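S.K.: have a look; sequence and predicted model below, questions after that.
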Amino acid sequence: MTATTDGSTGAVGPRAPSGNGTTDTAQLAEGGDLRVAAERATARSVEHLLGRQDAQGWWKGDLATNVTMDAEDLLLRQFLGIQDPRTTHAAGLFIRGEQRSDGTWATFYGGPPDLSATVEAYVALRLAGDRPDDPHMARAAQWVRSRGGIAASRVFTRVWLALFGWWKWDDLPELPPELVFLPKWFPLNIYDFGCWARQTIVPLTIVSAKRPVRPAPFPLDELHAGPVAGGTALAPVASWDGVFQRLDKALHLYHRVAPRRLRRTAMNAAARWIIERQENDGCWGGIQPPAVYSVMALHLLGYDLDHPIMRAGLESLDRFAVWREDGARMIEACQSPVWDTCLATIALADAGLSPDHPALVKAADWMIGEQIVRPGDWAVRRPGLTPGGWAFEFHNDNYPDIDDTAEVILALRRVGHPDPERLDAAIERGARWNLGMQSRNGAWGAFDADNTSPFPNRLPFCDFGEVIDPPSADVTAHVVEMLAYEGRAHHPVTRRGVEWLLAEQETFGGWFGRWGVNYVYGTGAVVPALTAAGLPPAHPAIRRAVSWLESVQNEDGGWGEDLRSYREEDWIGHGATTASQTAWALLALLAAGERESKSVERGVAWLAETQCEDGSWDEPYFTGTGFPWDFSINYHLYRQVFPLTALGRYVHGEPKALTALAGTRKGS
C-alpha cells in the first residue's frame with residue numbers, strides 16, 4: 001500500500017506482451033489440474049471474505065490515497081488550535097514512512113515524485129517536529145527547490161500555505177462567495193461542478209473571502225526556489241484561457257470593492273448551504289476534503305468548536321483515521337462500505353455460495369437499509385424523479401451515486417431473501433432512479449445527470465483533477481448490465497446506453513476507465529454489460545475487445561495497467577500484474593465466451609498461483625481513481641472481491657439466476 005522507500009519507482013515499464021507464461025503458471029494452465037486449482041482458490045477466497053464481514057452485514061476495506069490527506073489533517077488541527085501530541089506523532093510516523101530515499105513523496109505506489117505532495121508532507125513533518133537540517137528533510141527541500149519550489153505547486157497546496165502566511169492570498173485565484181447566488185441556468189453556477197467539487201468549493205468561497213492568516217509556527221524559506229515571479233503572461237484574449245485569466249483578475253479587483261452587506265449575505269447563504277448538507281454522522285458528502293473545508297469555513301464565520309455542528313464535524317473527521325499496529329495513523333479520503341458490500345455479495349454469490357446463506361441475507365438487509373429515499377442535489381437536474389439510489393459511504397444521503405445503485409441492485413438480485421417483496425420494492429425503486437438519471441447523450445455519470453459544462457475546468461482555481469461529472473463508460477456499463485438483468489434489455493433507455501458504449505470504444509478495442517485503472521477496468525465493465533444486453537460474442541465490438549485484451553496479457557499470465565496510462569499512450573494496457581486487473585480482464589473474456597481460451601486459462605492460473613495462504617491476494621499497486629492520474633486510490637478489498645468473482649464465474653459459469661431472470665421479468 002506504500003510507495004517504495006529505496007528510491008526506485010517500483011513500476012514495470014511499458015513492454016510488449018509475450019505468449020510465454022512463467023513456468024509454474026504455464027504448467028498449471030496447460031495441465032489437467034487447473035479446474036481443481038481454481039476450485040480450491042475459490043473456496044479459500046470465500047472463507048477469507050466471509051471472515052471479514054462485519055456483524056451488521058457490511059464489508060469495508062481500507063481506502064488508501066496519499067499523504068496529502070494526512071498533511072492537511074495536521075494543518076487543519078494547527079489552524080484550529082486542536083493539535084495533540086499523540087495524533088501529531090502518529091501522523092508523522094505515517095508520512096515519514098511513505099517518503100522515498102530521494103526525499104520525495106508520490107501519489108501512488110511506484111509512481112513518480114509529486115511536487116505538491118512533497119511540499120505538504122514536508123510542512124506536516126515540520127509540524128511534527130522534524131528539523132529542516134535532518135537529512136530526510138534536507139533532501140525533500142532540495143528536490144522541491146529543484147522543481148520550482150512552492151510557487152510551482154498546485155493551487156490547493158498554496159491555499160493551505162496561505163493560511164499561515166507562507167503564501168500570499170493575492171497570488172491565489174479568487175473564489176467569491178457570491179457564486180452561490182448564480183441561478184442554476186447560468187454558467188459556473190455551483191451545480192455546474194461535480195458534487196465533490198461543489199462541496200469543496202462552496203466552503204472555500206468563505207475561506208477565500210475571509211483570507212485568514214494564522215501565525216506561522218516556523219518559516220519555510222527553504223522551500224522557495226527564488227524570488228516569486230510577478231505572474232505569468234496572459235493568454236490571448238480570444239482564447240478560453242485568456243478569458244478566464246482576465247475574469248480572475250476582475251474578481252481580484254471585486255474582492256477589494258465588494259459591498260460589505262452583499263458579501264456578508266453571500267457568506268451566510270454559503271454557510272446555510274453547507275449546514276443543510278451536513279450528514280447525520282457530522283460529515284459532508286462522506287468524503288474528507290469537503291468536511292475539512294466546511295469546518296474551517298464555519299469556524300471563520302464564528303462557529304465555536306463546541307457548537308454541535310462543529311463538534312459533529314470534527315468527530316466525523318476522526319472516523320477517517322486508520323490506526324495501524326505500528327502506531328502510525330493514516331487518513332482515508334473516503335470510506336466505501338456500500339461499494340465494498342455489494343461487490344463482496346456479488347463475488348460470494350458468483351463463487352457458489354447459496355443465495356440464502358446467512359452472510360448474503362445479512363448483507364442484503366444492511367444494503368436495503370442504506371437505500372436513500374429523499375432528494376439530494378441530483379434533484380436540481382431531475383426535480384420530478386423519485387429517489388431510490390445508494391451512496392458509496394455509510395452516511396451520504398445528499399449524494400447517492402449511480403454506479404453504486406446499479407451494483408447494489410445486481411448484488412440484491414443474487415440473494416434469496418426471506419422477504420422477497422421488500423427486496424423487490426427496493427430494487428424497483430433503485431432501478432427507476434437509475435433510469436431517470438440518464439444524461440441526454442444516452443449515458444450515465446456518477447452522481448448527476450448532464451453535468452457536462454465545459455467552463456468549470458477552465459477556472460484558474462481548478463488545477464487539480466476533474467471538477468465535472470460527465471458520463472463514463474464504466475458507470476454506463478454497470479447501469480446497462482443491471483437494466484438488462486432486470487428484464488429491461490430492450491427498454492429504449494438501455495438501448496441508448498448500448499449505442500453510446502459502442503460509439504465510445506477505442507480503435508484498439510478497449511474502453512476508457514474513469515473510476516478504475518484504466519482501459520482494462522473500462523473493458524472489464526463494458527463487455528459483460530454488452531453481452532448481458534444481448535450482443536453476441538461474435539459481435540465485432542466484442543471481438544475487438546477480446547483481441548486487445550489478449551494482446552496486452554503479461555508474460556506471467558496476468559494483466560496490469562499503470563496509472564501513467566492516463567497520460568502516456570505507451571502505458572495503455574501495460575504495467576505490473578495485479579490481482580484486480582487480472583480479474584477485470586477475465587470477467588470480460590469470460591463474458592465474451594472465451595472460457596476455454598489459453599488467455600483465460602493462463603489468467604486463472606496466475607490467480608491460483610499467487611493467492612496467499614489465507615485466501616487473499618497481495619496488491620500494493622493502486623487500481624482505483626478519484627480523478628484519473630491526479631488522485632489515485634488503493635481499494636484494499638478490490639484484490640479480494642474481483643479475483644473471487646472471476647474465479648467463481650470460471651468455475652460456475654456466468655450468473656445463471658440473473659440470466660434466467662433477464663428473460664422472465666417484464667420490461668417497463
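M.R.: Received it, and whenever you're ready, just let me know what you need. Numbering: from 1, shown residues only.

S.K.: can we go C-alpha only for contacts and neighbour counts from here?
M.R.: Noted.

S.K.: in this protein, where is pLDDT below threshold?
M.R.: 1-32, 227-232, 238-241, 244, 656-668 (pLDDT under 70).

S.K.: if we use 80, what do you get?
M.R.: Along the chain, the parts satisfying pLDDT under 80 run over 1-32, 226-248, 251, 458, 460-465, 656-668.

S.K.: my read is that Tyr519 contacts Phe512, right?
M.R.: Yes - Tyr519 is within contact range of Phe512, at 4.7 Å (criterion: Cα atoms under 8 Å).

S.K.: more crowded one of these two?
M.R.: Set Tyr519 next to Phe512 and count neighbours by other Cα atoms under 10 Å: Tyr519 wins out with 26 against 22.

S.K.: quick one, what contacts that one?
M.R.: By Cα atoms under 8 Å, 6 or more residues apart in numbering, the contact set of Tyr519 is 510-513, 561, 572-573.

S.K.: how does it look with 10 Å?
M.R.: 474, 506, 509-513, 525, 549, 561, 565-566, 572-574, 581, 585 (Cα atoms under 10 Å, 6 or more residues apart in numbering).

S.K.: buried subset of those?
M.R.: Neighbour counting by 16 or more other Cα atoms under 10 Å classes 474, 509-513, 525, 549, 561, 565-566, 572-574, 581, 585 among the contacts of Tyr519 as buried.

S.K.: in helices only, show me those.
M.R.: Applying DSSP state H to the buried ones among the contacts of Tyr519, the entries found in helices are 474, 525, 549, 581, 585.

S.K.: and those, which two are the farthest apart?
M.R.: The widest separation within those, taken as Cα to Cα, falls between Asp474 and Leu549 and amounts to 16.3 Å.

S.K.: shared neighbours, Tyr519 and Phe512?
M.R.: With Cα under 10 Å, 6+ apart as the test, Tyr519 and Phe512 both reach 474, 506, 566, 572.

S.K.: closest one of those to Trp160?
M.R.: For the shared contacts of Tyr519 and Phe512, the nearest to Trp160 is Tyr566 (27.4 Å; Cα to Cα).

S.K.: look up how far Trp629 lies from that closest one.
M.R.: Plainly put, Tyr566 is 6 Å away from Trp629 if you go by Cα to Cα, to the nearest Å.

S.K.: list the residues that contact both of these two?
M.R.: With Cα under 10 Å, 6+ apart, Tyr566 and Trp629 have common neighbours 517-518.

S.K.: A strand includes Glu222, no?
M.R.: No - counting by DSSP: H, G, I helix; E, B strand; the rest coil, one finds Glu222 to be helix, located in no strand.

S.K.: would you confirm that it contacts Arg131?
M.R.: No - between Glu222 and Arg131 there is no contact under Cα atoms under 10 Å: 11.5 Å.

S.K.: quick one on the thing from earlier: any chance of the ones in helices among the buried ones among the contacts of Tyr519 in JSON lines, plus distance to Thr68?
M.R.: Below are these laid out as JSON lines (distance: Cα to Cα, whole Å):
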{"residue": "Asp474", "distance to Thr68": "27"}
{"residue": "Ala525", "distance to Thr68": "30"}
{"residue": "Leu549", "distance to Thr68": "35"}
{"residue": "Gln581", "distance to Thr68": "26"}
{"residue": "Ala585", "distance to Thr68": "32"}
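
S.K.: sorry, back to before: would you point out the most distant pair within the buried ones among the contacts of Tyr519?
M.R.: Applying Cα to Cα across those, the maximum distance is between Asp474 and His574, 19.1 Å.

S.K.: residues in contact with Asp350?
M.R.: 344, 411, 414, 644-657 are the contacts of Asp350 under Cα under 10 Å, 6+ apart.

S.K.: repeat for Phe392
M.R.: 285-287, 334-341, 370, 399-405.

S.K.: change it to 8 Å
M.R.: Going by Cα under 8 Å, 6+ apart, Phe392 touches 335-339, 400-401, 404.

S.K.: kindly report the same for Thr107.
M.R.: 65-67, 113-114, 117, 630-632.

S.K.: coming back round to it: in terms of neighbours, single out the busier of Glu222 and Arg131.
M.R.: Glu222 (16 against 13).

S.K.: so which of the contacts of Thr107 comes closest to Glu98?
M.R.: Val67 (7.6 Å).

S.K.: so what's the closest one closest to, chain neighbours aside?
M.R.: Counting by Cα to Cα, 6 or more residues apart in numbering, Val67 lies nearest to Ile95, which is 6.0 Å off, once chain neighbours are set aside.

S.K.: quick one, what contacts the one you found?
M.R.: Ile95 neighbours (Cα under 8 Å, 6+ apart): 67, 70-71, 121, 125.

S.K.: buried sites along the helix or strand containing Val202?
M.R.: Remark: Val202 resides in helix 195-210, with elements defined by DSSP states H and E. Using 16+ other Cα under 10 Å as the burial criterion, the residues of helix 195-210 that qualify are 195-209.

S.K.: and for stretch 95-110?
M.R.: Those would be 95-96, 98-100, 102-110, for stretch 95-110 by 16+ other Cα under 10 Å.

S.K.: turn those into JSON lines, columns for secondary structure.
M.R.: Formatted as JSON lines, the buried residues of stretch 95-110 follow (three-state DSSP):
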{"residue": "Ile95", "secondary structure": "helix"}
{"residue": "Arg96", "secondary structure": "helix"}
{"residue": "Glu98", "secondary structure": "helix"}
{"residue": "Gln99", "secondary structure": "coil"}
{"residue": "Arg100", "secondary structure": "coil"}
{"residue": "Asp102", "secondary structure": "coil"}
{"residue": "Gly103", "secondary structure": "coil"}
{"residue": "Thr104", "secondary structure": "coil"}
{"residue": "Trp105", "secondary structure": "coil"}
{"residue": "Ala106", "secondary structure": "strand"}
{"residue": "Thr107", "secondary structure": "coil"}
{"residue": "Phe108", "secondary structure": "coil"}
{"residue": "Tyr109", "secondary structure": "coil"}
{"residue": "Gly110", "secondary structure": "coil"}
